[in-house]
Every structure is written in structure tokens, then in C-alpha cells.
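# One predicted model, sequence on top.
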Amino acid sequence: MEVYLQLVTDFPEIIEMDINPLMVMPEGEGVVAVDVRMGIGSSC
């Protein structure tokens, strides 16, 4: 999840993110985003 947090921090133009489904892997293996849709807007 840290990657997604860094992504929206680095790109404030991302105004929404829909991750569905988000697969939680076994402990220590992280997560997998199967499908992601992002809304892009102004960075005002």
C-alpha cells in the first residue's frame, strides 16, 4: 500500500482511485491491485 500512498503524494493531480479487487497476499507478500481506475484533475 505504501506504493499507492507515494503515488498520490507525488502526483496531486490524482483526485480519486478505485482499486477493485485488491488481493491481500500471505503475510510478507504484500497486496496486488487487479484493476485500478484513477480520476485525474487540477492540482490547485
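Noted; the coordinates are in hand. The structure displayed is predicted, hence computed values, not measured ones.
# what number of residues lie near residue 6?
Residues near residue 6, counting by other Cβ atoms under 10 Å, number 10. Placement of C-beta: from N, CA and C, glycine included.
# Residue 42 falls within a strand, correct?
No - going by DSSP: H, G, I helix; E, B strand; the rest coil, the assignment for residue 42 is coil, not a strand.
# Now the phi/psi pair for the residue nearest to it when sequence neighbours are not counted, please.
Spatial nearest neighbour of residue 42, excluding adjacent residues (Cβ to Cβ, 6 or more residues apart in numbering): residue 13 at 7.2 Å. When read as degrees, to the nearest 10, the backbone of residue 13 gives phi -70, psi -20.
# Correct me if wrong: residue 13 contacts residue 38.
No - in this structure, residue 13 is not within contact of residue 38 by Cβ atoms under 8 Å, at 9.2 Å.
# joint contacts of the two?
By Cβ atoms under 8 Å, 6 or more residues apart in numbering, residue 13 and residue 38 have no common neighbours.
# ok so, going back, quick one: the residue nearest to residue 42 from residue 4, how far?
According to Cβ to Cβ, to the nearest Å, residue 13 stands 15 Å off from residue 4.
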